[in-house]
Each structure stands twice: as structure tokens, then as C-alpha cells.
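# Turn this into a structure:
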Amino acid sequence: MFGKLLILALLAALAIGLVEARISNGAGRKQLYVVRPADTLWSIASKTYGGDPREGIWRIEHANHLVSDDIEPGETIVLPG
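Residues are numbered from 1 along each chain as shown. The predicted structure follows:
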């Protein structure tokens, strides 16, 4: 009897873990950012992420599928969390 309860409890824990993993946002929330005049990827990354802006630039480029560092005022980009 105890073995069946243990197996049932383990299956319930596994099911809860799978549900929680599916609804997780992973690395954090994505934010939308509207590019302003004089903004660059460097300036946006410097304001948004701590440390070396180059890593932030890579994250922004990757999240937005950018092939160059050209961004235009009024353009909306995703800032990954």
C-alpha cells in the first residue's frame, strides 16, 4: 500500500513539474522598445543590461533577427529579459 502511495505522489510531482516548466517564461520577460532618435544598439544595451554592452547587443540582434546594427526611430524591437 505504501509503495502505491509513493508512486502516486511521485507521478503527481512529475505532472506538476511538467506543467510549471511549460508555463515558465524561461530567461525572463520580453519587453517591447520603440527606438528613439539617436538610439543605437549600444546605447539601448547599455541602458537595459548591466555589464558589457556587447552581450546585450547580441541578445537584441538575436531576438529581433537583425542582420545589421541599423535601427530606425519609431521601429519597435524586442528586448529579451
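
# measure residue 29 to residue 58 for me?
19 Å (CB to CB, to the nearest Å). Every residue, glycine included, has its C-beta placed from N, CA and C.

# Counting neighbours, go ahead and name the busier of these two.
residue 58 (13 against 9; other CB atoms under 10 Å).

# ok, residue 66 to residue 48 distance?
Relative to residue 48, and taking CB to CB, residue 66 is found at 15 Å.

# can you pull out the helices in the chain?
For the chain, helices defined by DSSP state H occupy the ranges 2-23, 41-48, 53-64.

# Those: lowest mean pLDDT?
Note on those: helix 2-23 shows the lowest mean pLDDT, a mean of 62.

# Tell me how many other residues surround residue 56.
21.

# quick one: it and residue 47 touch, right?
No: between residue 56 and residue 47 there is no contact under CB atoms under 8 Å: 9.1 Å.

# who are the neighbours in contact with the residue nearest to residue 45 when sequence neighbours are not counted?
Excluding the flanking residues, the one nearest residue 45 by CB to CB, 6 or more residues apart in numbering is residue 56, at 3.0 Å. Residues counted as contacts of residue 56 (CB atoms under 8 Å, 6 or more residues apart in numbering) are 44-46, 48-49.
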